[in-house]
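Peer 1: Provided below are the primary sequence and the corresponding predicted coordinates.
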Amino acid sequence: MKRWLLATGLVAVSCLTPRRSEAQPLADRYRDAASRIIARATKDSAAWNRIAELTETFGHRFSGSESLERAIDWTLAGMKKDALDGVRGEPVMVPRWVRGAESIELVSPRRQVLPTLGLGGSIATPPQGITGDVMVVTSYDDLKARAAEARGKVVLYNVPFTSYGQTVQYRGGGAVAAARVGAVASIIRSVTPYSQRTPHTGGMAYNDSVPKIPHAAITPEDADMIARMIHRGQRVTVKLTMSARMMPDAPSRNIVAELRGTTAPDEVVVMGGHIDSWDVGRGAMDDAGGVVVAWEAIRILKELGLRPRRTIRVVGWTNEENGTRGGNGYRDAHRAELDKHIAAIESDGGVLKPLGFGFTGSDSAFAIVKQIGALLAGAGSGDIARGGGGADIGPIMALGVPGLGLNVDGTRYFWYHHTDADTVDKLDQRDVALCVATMAVMAYVLADMPERLPR
C-alpha cells in the first residue's frame with residue numbers, strides 16, 4: 001500500500017512539474033548557445049574592420065552634415081546586404097550647429113595661438129573677436145565669491161577632472177554662470193583626466209534670463225599655464241574669435257534593422273548606439289562602435305541560426321550628441337508599442353574591454369539579468385550592477401522599459417572623448433569582438449527566454 005501511494009504521489013508531482021527545458025535555470029538552458037555566440041564573435045575582427053571602414057570612409061558624422069547622412073545610407077545598405085529584417089531609416093529632424101572658423105590667441109604676456117574647440121551650441125564672437133583679460137576660477141563657488149572681479153573679463157574655469165559627471169557641469173553651464181556676473185566670454189579647461197595638448201568639445205546650454213556669451217575649451221596644459229601666469233602676478237590677455245552659428249533644423253534618420261522573432265515578433269528587445277558624432281575626430285569610440293557591435297550581434301545570431309522567440313531590434317540613433325532627437329523620436333514613433341518592449345540595451349561608453357551591464361528595472365528583473373550575466377563569465381563580462389541605461393534609451397526607460405547600459409573598462413575613454421583623437425586605432429580588436437559577444441548573448445537570452453522580463 002505504501003509503495004502504491006508513493007508511486008501515485010510521484011505521478012502527481014510529475015504532472016505538475018514544468019518540462020525540464022522550461023524549469024532549468026537560464027545559465028543551464030542557454031549555456032551552449034552562449035558558448036557558440038562567444039566563440040563566433042571572437043573568431044575574427046569583422047566588427048573592428050567595420051568600425052574602421054565606417055569612420056575612415058565618412059569621418060565625423062555631426063547632426064545636419066552630409067557625412068552623417070552618407071554614413072546612414074552606407075549602414076542601411078550594409079544591413080540589407082546582410083539580409084537583416086525590417087531594414088529602414090525612421091525620419092527625425094535634428095538641430096544643425098556649424099562651428100566655422102575659431103581661434104584663441106594669447107596676447108600677453110606673449111603671443112601664442114592656443115589649441116581650442118568651441119563648445120557645441122555656442123554663439124559667435126563679433127567678427128573682430130573679443131579681447132579681454134582672463135580671470136581664472138576653480139569652481140562656481142569661487143566665481144560667486146569673486147563676482148565683482150568678473151565684469152568685462154574672460155572667465156577661465158580651470159577645474160581638474162574628477163569624474164565626468166562632476167566636471168562636465170562647467171562645460172554645460174559655464175557660460176550662463178559667467179554671463180551672470182558680467183563676463184564677456186568663458187573658457188573651460190577641457191573635460192579630461194589626461195591630455196597631450198588636445199582640446200575636447202561637447203555640448204553647452206544657455207539661459208534666456210542672462211546674456212549669451214561665447215563659450216570654448218582649451219587644453220589642460222594651457223589652462224594650468226594661464227593659472228600659473230596669473231599667480232605670478234602677470235596680466236593675461238587673450239583674443240577669442242568664433243564664427244559659430246545655428247542653422248535651421250535638418251532631416252536625418254534613426255537606423256533600424258531587426259532579427260524577427262519566431263513566435264512573438266511583436267515583442268521587442270531593442271539595442272544599439274548612436275550613429276552621429278561630434279564634428280571633430282571620427283567618432284570611433286563615440287559612438288560608431290556602439291552601432292556596429294549591435295549590428296554585428298544580430299548578424300552573428302542569424303548566421304548561427306539562433307533566431308529568438310521575440311524580435312531583436314538594432315537602432316543607430318541619430319543626434320545623441322547635441323539634442324537627443326533620435327532617442328526622443330524613437331519614443332514618439334513607437335510609443336504605442338512600448339508595453340511590448342521587453343528591454344532596451346545601449347552601448348555608448350566606447351567598445352573597450354567589456355565588464356558587464358548596469359541595469360535599471362525591478363528586483364525580479366534584476367535577478368534574471370544576473371542569471372544571464374553568468375553566461376558571460378567566459379567573455380569576462382558577467383558583472384551585473386544596479387543602475388544602467390543611456391541617453392538614447394532614456395526616453396523609453398522613463399515610460400517603464402527596463403534598461404541596460406554596456407559597462408566597459410573606461411580608463412582611457414575620456415582621454416579621447418570628443419576630440420580629434422577619437423579614431424579606430426584606440427580600440428583593441430579583441431575587446432570589440434568581446435563587446436559583440438556580450439551584447440549578443442544578453443539580447444538573445446532576453447528575447448528567447450519563455451517568460452517576459454518582468455517590470
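Peer 2: Received the coordinates, thanks.
Peer 1: sketch out the low-pLDDT regions of the chain for me.
Peer 2: Applying pLDDT under 70 to the chain picks out residues 1-23.
Peer 1: if you set the cut-off to 90 instead, what comes out?
Peer 2: Where the chain drops to pLDDT under 90, the residues are 1-25, 27.
Peer 1: name the SS class of residue 75, please.
Peer 2: Of the three states, residue 75 takes helix according to DSSP: H, G, I helix; E, B strand; the rest coil.
Peer 1: ok, it touching residue 288?
Peer 2: No. With contacts counted by Cβ atoms under 8 Å, residue 75 stays clear of residue 288, the gap being 9.4 Å. Yep, even glycine has a C-beta here, placed from its N, CA and C like the rest.
Peer 1: show me the helices in the stretch 251-400 of the chain, by range?
Peer 2: Counting by DSSP state H, counting those that start in this stretch, one finds helices in the stretch 251-400 of the chain at the ranges 289-303, 325-333, 363-374, 394-397.
Peer 1: so which of those helices is the most surrounded?
Peer 2: Across those, averaging neighbours per residue (mean count of other Cβ atoms under 10 Å) puts helix 289-303 on top, at a mean of 26.
Peer 1: which elements pack onto that helix?
Peer 2: On a contact count with 3 or more Cβ pairs under 8 Å, 6 or more residues apart in numbering; DSSP states H and E, helix 289-303 meets helix 31-41, helix 46-58, helix 66-81, strand 245-259, strand 264-274, strand 310-317, helix 429-448.
Peer 1: touching the second one from outside, list them.
Peer 2: Contacting residues not belonging to helix 46-58 are listed as 41, 67-68, 70-71, 74-75, 78, 282-284, 288-289, 292-293, 295-296, 351, 423-424, 427, 429, 432-433, 435-436 [Cβ atoms under 8 Å, 6 or more residues apart in numbering].
Peer 1: could you do the third one as well?
Peer 2: Contacts of helix 66-81 with the rest of the structure, by Cβ under 8 Å, 6+ apart, involve 50, 54, 57-62, 87-89, 252-253, 255, 257, 275-276, 291, 295, 314, 316, 318.
Peer 1: tell me how far residue 342 lies from residue 264.
Peer 2: 9 Å (Cβ to Cβ, to the nearest Å).
Peer 1: where do the contact lists of those two overlap?
Peer 2: By Cβ under 8 Å, 6+ apart, residue 342 and residue 264 have these common neighbours: residue 310.
Peer 1: would you mind listing the buried residues in stretch 389-402?
Peer 2: 389-397, 401-402 (16 or more other Cβ atoms under 10 Å).
Peer 1: what does stretch 210-225 give?
Peer 2: Using 16+ other Cβ under 10 Å as the test for burial, stretch 210-225 gives 213-223, 225.
Peer 1: which pair in these has the greatest spatial separation?
Peer 2: Pairwise distances across the buried residues of stretch 210-225 peak at 24.2 Å for 213 and 221 (criterion: Cβ to Cβ).
Peer 1: burial count for residue 420?
Peer 2: 17 (other Cβ atoms under 10 Å).
Peer 1: is it in a helix, a strand, or coil?
Peer 2: Criterion first, three-state DSSP; result for residue 420: coil.
Peer 1: what sits against the residue nearest to the spatial centre of the chain?
Peer 2: Centrality entry for the chain: nearest residue to the mean C-alpha point is residue 348, 2.6 Å, by Cα atoms, centre = their mean. By Cβ under 8 Å, 6+ apart, the contact list for residue 348 reads 273-274, 286-287, 290, 320, 390-392, 405.
Peer 1: between the helices and strands packed on helix 289-303, which gets nearest to residue 130?
Peer 2: Of all those, it is strand 245-259 that lies closest to residue 130, at 16.2 Å by Cβ to Cβ.
Peer 1: still on that earlier bit, with secondary structure added, can I get the buried residues of stretch 210-225 in TSV?
Peer 2: Converted to TSV, the buried residues of stretch 210-225 look like this (three-state DSSP):
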residue	secondary structure
213	coil
214	coil
215	strand
216	strand
217	strand
218	strand
219	coil
220	helix
221	helix
222	helix
223	helix
225	helix
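Peer 1: got JSON lines for those, with distance to residue 416 too?
Peer 2: Shown next, in JSON lines, are the buried residues of stretch 210-225 (distance: Cβ to Cβ, whole Å):
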{"residue": "213", "distance to residue 416": "28"}
{"residue": "214", "distance to residue 416": "25"}
{"residue": "215", "distance to residue 416": "22"}
{"residue": "216", "distance to residue 416": "19"}
{"residue": "217", "distance to residue 416": "14"}
{"residue": "218", "distance to residue 416": "17"}
{"residue": "219", "distance to residue 416": "14"}
{"residue": "220", "distance to residue 416": "14"}
{"residue": "221", "distance to residue 416": "16"}
{"residue": "222", "distance to residue 416": "18"}
{"residue": "223", "distance to residue 416": "19"}
{"residue": "225", "distance to residue 416": "22"}
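Peer 1: excluding chain neighbours, what is closest to residue 183?
Peer 2: The shortest distance from residue 183 to any residue other than its chain neighbours is 4.4 Å, reached at residue 155 (Cβ to Cβ, 6 or more residues apart in numbering).
Peer 1: secondary structure class for that neighbour?
Peer 2: At residue 155, secondary structure determined by three-state DSSP is strand.
Peer 1: one more: the one 10 residues further on?
Peer 2: Per three-state DSSP, the secondary structure class of residue 165 is helix.
Peer 1: thinking again about what came up before, can you turn the buried part of the contacts of helix 66-81 into a PyMOL selection?
Peer 2: For the buried members of the contacts of helix 66-81, the matching PyMOL selection, counting by 16+ other Cβ under 10 Å, is:
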select buried, resi 50+54+58+59+60+61+62+87+89+252+253+255+257+275+276+291+295+314+316+318
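Peer 1: ok so, going back, out of the helices and strands packed on helix 289-303, which is the most enclosed?
Peer 2: strand 310-317 (a mean of 28).
Peer 1: restrict that strand to CA atoms and write it as PDB.
Peer 2: C-alpha atoms of strand 310-317 as PDB (Å, rounded to 0.1, in the frame of the first residue of the first chain):
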ATOM      1  CA  ARG A 310      10.900  37.700 -29.800                       C
ATOM      2  CA  THR A 311      12.400  40.300 -32.100                       C
ATOM      3  CA  ILE A 312      15.800  41.900 -31.500                       C
ATOM      4  CA  ARG A 313      15.800  45.400 -33.000                       C
ATOM      5  CA  VAL A 314      19.000  47.200 -33.600                       C
ATOM      6  CA  VAL A 315      18.900  51.000 -33.700                       C
ATOM      7  CA  GLY A 316      21.500  53.500 -34.600                       C
ATOM      8  CA  TRP A 317      20.100  56.600 -33.000                       C
END
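Peer 1: packing partners of that strand?
Peer 2: On a contact count with 3+ Cβ pairs under 8 Å, 6+ apart, strand 310-317 meets helix 66-81, strand 245-259, strand 264-274, helix 289-303, helix 325-333, helix 429-448.
Peer 1: relative to helix 31-41, how tilted is the last one?
Peer 2: With axes from the mean of the first three to the mean of the last three Cα atoms, to 10 degrees defining the directions, helix 429-448 sits at 150 degrees from helix 31-41.
Peer 1: thank you kindly, that will do.
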